[in-house]
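**Student:** 3D model of this:
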Amino acid sequence: MASIFDKLTIKNIELKNRIVLPPLVRFSIVGLDGYVTDELVSWYEDVLRGGVGLVIVEATAVSEDGKLRENQLGIWNDSFIPGLKKIADKCREYSVPALIQIHHAGFKEGIKDVNKLVLEEILEKFKLAFVRAKKAGFDGIEIHGAHTYLISQLNSRLWNTRTDEYGGPFENRMYFSKRLIEETRELFDDNFILGYRMGGNEPELADGIEIAKYLEKLGIDLLHVSSGVPDPKYNRKEKIEVPSDFPLDWVIYMGTEIKKHVSIPVIGVRNIKKENQASWLVENDLLDLVAVGRAMIARPNWVNVARKEYELRNGIKNS
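**Tutor:** Numbering: from 1, shown residues only. Below is the predicted model of the structure:
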């Protein structure tokens, strides 16, 4: 039986435990210019000191007009590399692998009307951002394909009703992702991970399962299951049908269901606050890795505290 404190190896990269810092956009400690600040590096160091197994650096924009808001990290030219390298170097100092999430906010429902040339230009910006991320020293990249942002919009059968190769049928809706993965494949050797944060509901769980299986075939190394473009018929917190006896968040449930259909590691995320919640998911082989977000902001040493709780709960005497 696996534990959240067991190691996990992805390609040649070893994680010392199964707890992940998900990409938390720290607007309050990022400058309006999109550059890494000393305060941001210090916050990552607090989490690294706290014992986390994998860091995924927050959504980093491929273009200035693709940001969520002004104070979001950027990677749209080489001048961002030195600052980002400070974060990657700090992670290496603590022997914690780090991915960086590459992002474009997109056009919401308007994705169906965006000129094809604009999408082609953004695709090229993503590819250049991948190269910069590797130069900055990260151990891999997470493509942001969730949360109703650009790639989620393209994946969505609700919003993406385009009639060109970027929309319509399933494989057309995945065309942007397919090209991005295939045209950057040479970057992803055994020491560089390609992750993908996907919407488990795009808009239903069945769509998420189909997307996950397709991404695995394309060569994704690691899936991170979050939320996508929801069906407006769900006018409640849960945007899919969830069994009444499932004890955790509906987004976590999607991760556990998607894991049943793929053989690559799956990260689950959403409202995990306690060690026993994370442990239950890993010990029952429901997930490979568990992301702890807001709880890590409140308590950067969450993992070290969780280890003590785990040992106490299991009657393990701390040597």
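**Student:** who touches Val55 in this structure?
**Tutor:** Val55 is in contact with Val20, Leu21, Tyr44, Val47, Leu48, Cys91, Val96, Pro97, Ala98, Leu99, counting by Cβ atoms under 8 Å, 6 or more residues apart in numbering. No exception for glycine: its C-beta is placed from N, CA and C like everyone else's.
**Student:** can you list which of these are found in helices?
**Tutor:** Tyr44, Val47, Leu48, Cys91 (DSSP state H).
**Student:** would you list those in a markdown table and tack on distance to Glu64 and neighbour count?
**Tutor:** Putting the ones in helices among the contacts of Val55 into a markdown table (distance: Cβ to Cβ, whole Å; neighbours: other Cβ atoms under 10 Å) gives the following:
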| residue | distance to Glu64 | neighbour count |
| --- | --- | --- |
| Tyr44 | 23 | 25 |
| Val47 | 28 | 24 |
| Leu48 | 29 | 22 |
| Cys91 | 26 | 25 |
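**Student:** check these and tell me the two furthest apart.
**Tutor:** Val47 and Cys91 (9.6 Å; Cβ to Cβ).
**Student:** go through the ones in helices among the contacts of Val55 and say which is closest to Asn314.
**Tutor:** Val47 (24.6 Å).
**Student:** buried residues in stretch 96-116, which are they?
**Tutor:** 96-107, 111-112, 114 (16 or more other Cβ atoms under 10 Å).
**Student:** ditto for stretch 129-146
**Tutor:** Residues of stretch 129-146 classed as buried by neighbour count (16+ other Cβ under 10 Å): 129-130, 132-134, 136-146.
**Student:** then stretch 77-87?
**Tutor:** Phe80, Ile81, Gly83, Leu84, Lys86, Ile87.
**Student:** how about stretch 34-49?
**Tutor:** Result for stretch 34-49 [16+ other Cβ under 10 Å]: buried residues Gly34, Val36, Thr37, Leu40, Trp43, Tyr44, Glu45, Val47, Leu48.
**Student:** and for stretch 271-282?
**Tutor:** Buried residues in stretch 271-282 (16+ other Cβ under 10 Å): Ile272, Glu275, Gln277, Ala278, Ser279, Trp280, Leu281, Val282.
**Student:** Leu150: what's its closest spatial neighbour, skipping adjacent residues?
**Tutor:** Once flanking residues are discounted, Leu150 sits nearest to Gly106: 3.1 Å by Cβ to Cβ, 6 or more residues apart in numbering.
**Student:** how much space between that neighbour and Phe126?
**Tutor:** Noted for Gly106: a distance of 12 Å to Phe126, by Cβ to Cβ, to the nearest Å.
**Student:** hey, what's in contact with both of those two?
**Tutor:** Residues touching both Gly106 and Phe126 (Cβ under 8 Å, 6+ apart): none.
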